[in-house]
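In: need coordinates for the following:
(one chain, ligands or ions: 1)
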Amino acid sequence: MAAPPVLSITGLTKTYASGLQALKPVDLQISKGEIFALLGPNGAGKTTLISIVCGIVTPSGGKVLVDGCDIIEDYRGARQKIGLVPQELTTDAFETVLATVTFSRGLFGKAPNPAHIEKVLRSLSLWDKRNSKIMTLSGGMKRRVLIAKALSHEPEILFLDEPTAGVDVELRRDMWALVRELRDQGVTIILTTHYIEEAEEMADRVGVISKGELILVEDKTTLMQKLGKKQLTLNLQEPLEALPEGLSEWPLELAAEGHEIRYVFDANAERTGVPSLLRRLADLGIGFKDLNTTQSSLEDIFVSLVHEEGRAA
Ligand SMILES: Nc1ncnc2c1ncn2[C@@H]1O[C@H](COP(=O)(O)OP(=O)(O)OP(=O)(O)O)[C@@H](O)[C@H]1O
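Out: Next up is the predicted model:
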């Protein structure tokens, strides 16, 4: 990545007073203009990580720089560069949309800028609702208000904590379109999600966190290539002790004590090697009772990573 990191996390740890280690040393660099999805099961440490970066939770160790500002030594500088969209709107029910969003900007010590507030409200289709009280808005509109508040002070990085949890399909699509627009305007986006689909759809890079540990960080396209892999499993009539020489041109694996031949191939390739393999098996007199193919999805990768992690712990 050419761009310098807008967020740099090194050796970040958190142990709560209860003794629970919520973050093992975490290292993560996020480039300007990226959409980064942080995936993880409940209790993995996503909120802890975001809360530390946003200055809500104190880290136990490590260093976090937000666009060059240290979150501890230059708390205000760092916080000003961050917009946080929480999961739920808790206050301001009696305020108007415009007043709430204008007030949010003031909290960050920024001079009033009605033109910016108007731009944000228009981009979120909230301008027509600017004089409505928040309590009169629909759930989807309320979510937009949360985003408007987070954008009111022109942050460099926008954190979205489960932006589409519990929203309907239409609003989810709208949110995705909106996130892309923001990215096009140069905002770096970090979102947490339980939905694999959301990470697949949105992210440039995906990180998987499990039990406080960042167990995978990868470009989405690289992950998608892994998704393009299929596995063919052949259940043999007679078990083999070893793979015969005649099958050496395929990268096969003998499994289930010789009862299975497994072949991983690129499902998107012009020539998968499957038909020729089956012909060769017939030539060699190797019979099979059954065969099946499976495709790994990001979900499988995610589940197996988290599972392995669980076993290792
Ligand atoms: N204030 C706290 N004191 C003690 N333990 C805490 C505190 N906050 C969180 N934890 C624990 O730290 C671990 C990580 O929690 P965290 O909220 O960061 O997970 P998460 O990945 O955001 O989960 P979810 O998807 O459910 O929001 C959990 O085991 C949680 O119980």
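
In: near the ligand, which residues of this protein? Just list them.
Out: Listed as neighbours of the ligand in the chain under the rule CB under 6 Å from any ligand atom: Y16, S18, L20, A22, G40, N42, G43, A44, G45, K46, T47, T48. C-beta here means a position set from N, CA and C on the backbone, and glycine is covered the same way.

In: check the gap between the most centrally placed residue in the chain and H116 for me.
Out: The centre of the chain sits closest to A37, judged by CA atoms, centre = their mean, with a distance of 1.9 Å. According to CB to CB, to the nearest Å, A37 and H116 sit 27 Å apart.

In: before we move on, what about R76?
Out: Here R76 is placed at a distance of 20 Å from H116 (CB to CB).

In: neighbour-wise, which of the two wins?
Out: The neighbour count for R76 versus H116, taken as other CB atoms under 10 Å, is higher for H116 (17 against 10).

In: in three-state terms, label the more buried one for me.
Out: Secondary structure state of H116, per DSSP: H, G, I helix; E, B strand; the rest coil, is helix.

In: for it, list the residues it contacts.
Out: R105, S152, E154 (CB atoms under 8 Å, 6 or more residues apart in numbering).

In: what's the local residue count around the last one?
Out: If I follow you right, that is E154. E154: 15 surrounding residues under other CB under 10 Å.

In: that one belongs to a helix, doesn't it?
Out: No - read with three-state DSSP, E154 is coil and lies in no helix.

In: now do it against L38, distance only.
Out: From E154 to L38 the distance is 23 Å (CB to CB).

In: point me to the helix or strand that includes K24.
Out: strand 21-31 (DSSP states H and E).

In: would you put the C-alpha positions of the next helix or strand after that strand in CSV?
Out: With elements assigned by DSSP H and E, the helix or strand that comes after strand 21-31 is strand 35-39. Below are the C-alpha coordinates for strand 35-39, written out as CSV (Å, rounded to 0.1, in the frame of the first residue of the first chain):
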residue,chain,number,x,y,z
ILE,A,35,-12.7,0.3,3.9
PHE,A,36,-11.7,-2.2,6.5
ALA,A,37,-14.1,-4.7,8.0
LEU,A,38,-13.4,-6.2,11.4
LEU,A,39,-15.2,-9.5,11.7
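
In: list the contacts for K110?
Out: The contact partners of K110, by CB under 8 Å, 6+ apart, come to Q80, H153, E154.

In: and if you look at E34?
Out: E34 touches R183, T188, I189, D204, R205, counting by CB under 8 Å, 6+ apart.

In: dump the residue contacts of the residue lying closest to E95 once chain neighbours are set aside.
Out: Excluding the flanking residues, the one nearest E95 by CB to CB, 6 or more residues apart in numbering is I134, at 6.0 Å. By CB under 8 Å, 6+ apart, the residues touching I134 are L89, D92, A93, F94, E95, T96, V97, T100, K142, V145.

In: how near is the fifth one to the ligand?
Out: Looking back up the chat, that one is E95. 27 Å (CB to the nearest ligand atom, to the nearest Å).

In: give the contact list for that residue.
Out: When contacts are counted by CB under 8 Å, 6+ apart, E95 touches F103, K133, I134.

In: am I right that T48 is in contact with L23?
Out: Yes - T48 is in contact with L23 according to CB atoms under 8 Å; the separation is 5.8 Å.

In: more crowded one of the two?
Out: Legend: neighbour count by other CB under 10 Å for T48 and L23, higher for L23 (26 against 22).

In: the residue nearest to Y195 when sequence neighbours are not counted: what secondary structure?
Out: Excluding the flanking residues, the one nearest Y195 by CB to CB, 6+ apart is T164, at 6.9 Å. For T164, the assignment made with three-state DSSP gives coil.

In: I'd say T164 and R172 touch.
Out: Yes - counting by CB under 8 Å, T164 touches R172, with 4.4 Å between them.

In: shared neighbours, the two?
Out: With CB under 8 Å, 6+ apart, T164 and R172 have common neighbours E198.

In: how is the protein partitioned into domains?
Out: Taking automatic domain parsing as the reference, the chain has its domains at 5-81+155-224, 97-149, 229-295.

In: in a markdown table: these, plus mean pLDDT.
Out: Output for the domains of the chain, formatted as a markdown table (pLDDT from 0 to 100):
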| stretch | mean pLDDT |
| --- | --- |
| domain 5-81+155-224 | 90 |
| domain 97-149 | 91 |
| domain 229-295 | 92 |
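
In: alpha carbons of the helix or strand containing E200, in PDB - could you do that?
Out: Element membership of E200, judged by DSSP H and E, is helix 196-202. Extracted C-alpha coordinates of helix 196-202, given in PDB (Å, rounded to 0.1, in the frame of the first residue of the first chain):
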ATOM      1  CA  ILE A 196     -19.800 -12.100   6.400                       C
ATOM      2  CA  GLU A 197     -21.800 -10.900   3.400                       C
ATOM      3  CA  GLU A 198     -21.300  -7.300   4.500                       C
ATOM      4  CA  ALA A 199     -17.500  -7.800   4.600                       C
ATOM      5  CA  GLU A 200     -17.600  -9.500   1.200                       C
ATOM      6  CA  GLU A 201     -19.600  -6.700  -0.300                       C
ATOM      7  CA  MET A 202     -18.000  -3.700   1.200                       C
END
